[in-house]
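# return a 3D structure for these sequence lines:
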Amino acid sequence: MSRRRTVVGIVLLLAVAVVGGAVALVLANRGPGPDEVAEEFLTAQWTGDWTTECELATEDWQHVLFEGHPFADCDAFADSAAKANADNPFLDYADDTDVDVSVQVRSDEDDVARVEYVVEFRYHGEDRTGFDALWQGGSAADRGTLQLARVDGDWRVAAADDV
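The predicted model follows:
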């Protein structure tokens, strides 16, 4: 009888290990959550990584980013965005500015998530007056909400609301 208990115990132990391993595998292969995608999208947007910004957007939101231009893909968008932003006054201060992104998921159901964000800019360069002038008396921050949608199992930015 004790041999039978040992065999049953080993079988149960193996079953638990297999189920536990399967759960761990599913969790490990799960892509980033809406908060991680939102943070990566915003960081890309504010640091000029146009390809990543585009790749993290839904197809519909890419059309918004593209502003009606018929770009073949995200690389073509990135090339155009880099040229369009070449005279952006923020670029003069970018090397001396830390961009801190914080996000908080407000809702996440039925493959749609809303994520509130705050992007803060901390300037540590020598032209504080010029940097402050970029913000026209406001704070060096951007606040808003992103809506994300799950597309083929991955979270993508689908819309943005500025606050």
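
# burial count for residue 108?
16 (other C-beta atoms under 10 Å). C-betas here are computed from N, CA, C, even on glycine.

# pull out the buried positions in the stretch of helix or strand it belongs to.
According to DSSP states H and E, residue 108 maps onto strand 97-109. For strand 97-109, the neighbour count (16 or more other C-beta atoms under 10 Å) marks 97, 101, 103, 108 as buried.

# which one of those residues is nearest residue 73?
residue 101 (25.4 Å; C-beta to C-beta).

# identify the bridge partners of the closest one.
Beta-bridge partners of residue 101, counted by DSSP bridges, are residue 119.

# same question for residue 149.
For residue 149, the beta-bridge partners are residue 112, residue 156 (DSSP bridges).

# can you get me a residue count around it?
The tally of other residues near residue 149 (other C-beta under 10 Å) stands at 18.

# thinking it is in contact with residue 158, fair?
Yes - counting by C-beta atoms under 8 Å, residue 149 touches residue 158, with 4.3 Å between them.

# quick check: neighbours shared by those two?
The contact sets of residue 149 and residue 158 overlap at 58, 112 (C-beta atoms under 8 Å, 6 or more residues apart in numbering).

# if we can go back for a sec, would JSON lines of the buried residues of strand 97-109 with pLDDT and distance to residue 37 be doable?
Below are these laid out as JSON lines (pLDDT from 0 to 100; distance: C-beta to C-beta, whole Å):
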{"residue": "97", "pLDDT": "94", "distance to residue 37": "23"}
{"residue": "101", "pLDDT": "96", "distance to residue 37": "12"}
{"residue": "103", "pLDDT": "96", "distance to residue 37": "9"}
{"residue": "108", "pLDDT": "92", "distance to residue 37": "12"}
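
# contact partners for residue 106?
Residue 106 sits next to 114, 115, 116, 145 when contact means C-beta under 8 Å, 6+ apart.

# and the buried residues of strand 97-109, which two are furthest apart?
Greatest spatial distance in the buried residues of strand 97-109: 97 and 108, 31.1 Å, computed using C-beta to C-beta.

# and the buried residues of strand 97-109 as JSON lines, adding distance to residue 70?
Converted to JSON lines, these look like this (distance: C-beta to C-beta, whole Å):
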{"residue": "97", "distance to residue 70": "33"}
{"residue": "101", "distance to residue 70": "30"}
{"residue": "103", "distance to residue 70": "31"}
{"residue": "108", "distance to residue 70": "33"}
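
# thank you, goodbye.
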